[in-house]
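*Asks:* sequence first, then the predicted structure:
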Amino acid sequence: MQKEKQNIEFIQMLRGVAAILVVFYHGREAINGIEGGTIANILFMPGGAMGVDLFFLISGFIMVCTTWSNDGSLKSYIEFYIKRFSRVFPVYAAITILVLIIEAIAAASSYFDINFSGLIKALAFMPQGDRANGPIYGQLPLSVGWTLNYEMYFYLIFGVSLLFRRLRWIALLSIAVITLVAIPFVTRSGVSTDTYKALNYSIVYLNLITNPIIWLFIAGAGIGIAYKSTLVIPSKFWAKIAVSTAATLVVWQYLSQYRADHGIFMWGLSLVPLMLILTVASKIMKIPTHPMLVRLGDISFSLYLVHVPTKAAIQAILAFTGVPASGISFFILMVFASLIIATISHRYLEQTLSNWVRDRLLSFSNRSSKTLGATAT
């Protein structure tokens, strides 16, 4: 297990790359404005969708790798959900609530002005806002929270598939085909991979589970299965050629901005081959990593969550002092401030709070199992 962890250390590096790309994307408008064709847009515009789609692919891959030896028992099933919930919810909830409190204080709002309905929906990972179709950005207290709605839904269906044990991957694919192909075909007479296409279901959550952006999670799971299989590249020479080719394709798509948006046939065109080739190639060669990018991967979840409110806070402070919140200086300030706050969040929210919640829930689950077992006997 330790050897495998070292072999796929590059996955953590990719997480770091994905996170910083999203940070650059949200900070780009400070440099040259948001008009098309500016240097900032050329350098950073493609990174927003690329980072999110890469996160989704990695999530699918990691779920397969971490549950490969899952025995399909009720105990392992419950532990899966506890670990996934503890990994995401405590950090997301803490930062969301903190952002709302700071916003209320800054705006001198009263207790009754806080949108508690929106807060509850956000913490329940329910889609909300005007955009109920396509990648649901909505009007969440934490704007990047829309991606976690998809993340938690994927955890839900992935956990369900574990119940099918040896048939788990068939079950997972079946769920995807039903929700992403069958339901749209039957109810809207067509199937699309366009993540922005409005299906306009009255049940908002149905818009989420039928959105083709979920194919990225499924593709990531498929890559995980390929990694765990006997599939190999014949030699290190061809492995290096394949990795170089895949990386070149990603760089070309980034610079050309060809189909540089969300979706399996958008950023997935280059990211899926890159992930597949990297993971399979890692079986016979060491994929180069950089400690700084690996560390960035460690704090990537916190960085993803805190960078937008950090940017807003800096803008508010500078506006109060009369200093313009624009230019390269603001961009650099926003990036480094986000990194500092993310490091703090990683230590105290991810490593402390999340782990505390996980351990308590696992302990409660084990005690409950023993109690039920004793009662049954």
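*Replies:* On my side now, so go ahead.
*Asks:* dump the residue contacts of V272.
*Replies:* For V272, the contact set (CB atoms under 8 Å, 6 or more residues apart in numbering) comprises L57, A219, I223, I264. For glycine as for every other residue, the C-beta is placed from the backbone atoms N, C-alpha and C.
*Asks:* where does the stretch 101-250 of the chain dip in pLDDT?
*Replies:* 106-115, 129-140 (pLDDT under 70).
*Asks:* please report how far M50 lies from Q253.
*Replies:* 8 Å (CB to CB, to the nearest Å).
*Asks:* that older thread, redo the contacts of V272 as TSV? Include secondary structure.
*Replies:* Output for these, formatted as TSV (DSSP: H, G, I helix; E, B strand; the rest coil):
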residue	secondary structure
L57	helix
A219	helix
I223	helix
I264	coil
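*Asks:* closest to G327 among the residues you listed?
*Replies:* L57 (34.0 Å; CB to CB).
*Asks:* what's around that closest one, how many residues?
*Replies:* Applying other CB atoms under 10 Å, we find 30 residues neighbouring L57.
*Asks:* so what's the closest residue to it other than its chain neighbours up against?
*Replies:* Leaving out its chain neighbours, the residue that sits closest to L57 by CB to CB, 6 or more residues apart in numbering is G220, at 4.0 Å. G220 sits next to F56, L57, I58, S59, G60, F61, I62, M63, V64, M275 when contact means CB under 8 Å, 6+ apart.
*Asks:* list the contacts for the second one?
*Replies:* The one in question is L57. For L57, the contacting residues are L216, F217, A219, G220, I223, G268, L271, V272, M275, by CB under 8 Å, 6+ apart.
*Asks:* inside strands: which ones of those residues?
*Replies:* Of the contacts of L57, none are assigned to strands by DSSP state E.
*Asks:* and these, which are buried?
*Replies:* Burial by neighbour count, judged by 16 or more other CB atoms under 10 Å, picks out L216, F217, A219, G220, I223, G268, L271, V272, M275 from these.
*Asks:* roughly how far does the fourth one sit from I340?
*Replies:* Here the criterion is CB to CB. By it, G220 lies 30 Å from I340.
*Asks:* next helix or strand past the helix or strand where I105 lies?
*Replies:* Assigned by DSSP states H and E, I105 belongs to helix 74-106. Following helix 74-106 in sequence order, the next helix or strand is helix 116-123 (DSSP H and E).
*Asks:* which strands and helices sit next to that next one?
*Replies:* Judged by 3 or more CB pairs under 8 Å, 6 or more residues apart in numbering; DSSP states H and E, the packing partners of helix 116-123 are helix 74-106.
*Asks:* which residues of the stretch 151-300 of the chain fall in helices?
*Replies:* For the stretch 151-300 of the chain, the helices defined by DSSP state H, counting those that start in this stretch cover 168-177, 183-188, 204-209, 215-228, 236-256, 268-281, 291-298, 300-321.
*Asks:* would you mark the buried spots in the third one?
*Replies:* This points to helix 204-209. Using 16+ other CB under 10 Å as the test for burial, helix 204-209 gives V204, L206, N207, L208, I209.
*Asks:* what of the second one?
*Replies:* Along helix 183-188, these residues count as buried under the neighbour rule (16+ other CB under 10 Å): I183, P184.
*Asks:* what does it rub up against?
*Replies:* Identification of contacts with helix 183-188 by CB under 8 Å, 6+ apart yields G190, V191, S192, L199, Y201, L206, T210.
*Asks:* for the fifth one, which non-adjacent residue is closest in space?
*Replies:* In this case it means Y201. N207 (5.2 Å).
*Asks:* what's near enough to touch the residue most central in space within the chain?
*Replies:* Nearest to the mean C-alpha position of the chain, by CA atoms, centre = their mean, lies F55 at 4.2 Å. Counting by CB under 8 Å, 6+ apart, F55 touches R15, A18, A19, T147, Y304.
*Asks:* which two from those end up farthest apart in space?
*Replies:* The widest separation within those (CB to CB) is 13.5 Å, between R15 and T147.
*Asks:* thought T195 was touching the residue nearest to Y201, still the case?
*Replies:* No: with contact defined as CB atoms under 8 Å, N207 does not count as touching T195 (11.2 Å).
*Asks:* who touches both of the two?
*Replies:* With CB under 8 Å, 6+ apart, N207 and T195 have no common neighbours.
*Asks:* average pLDDT across stretch 338-358?
*Replies:* In this model, stretch 338-358 has a mean pLDDT of 97.
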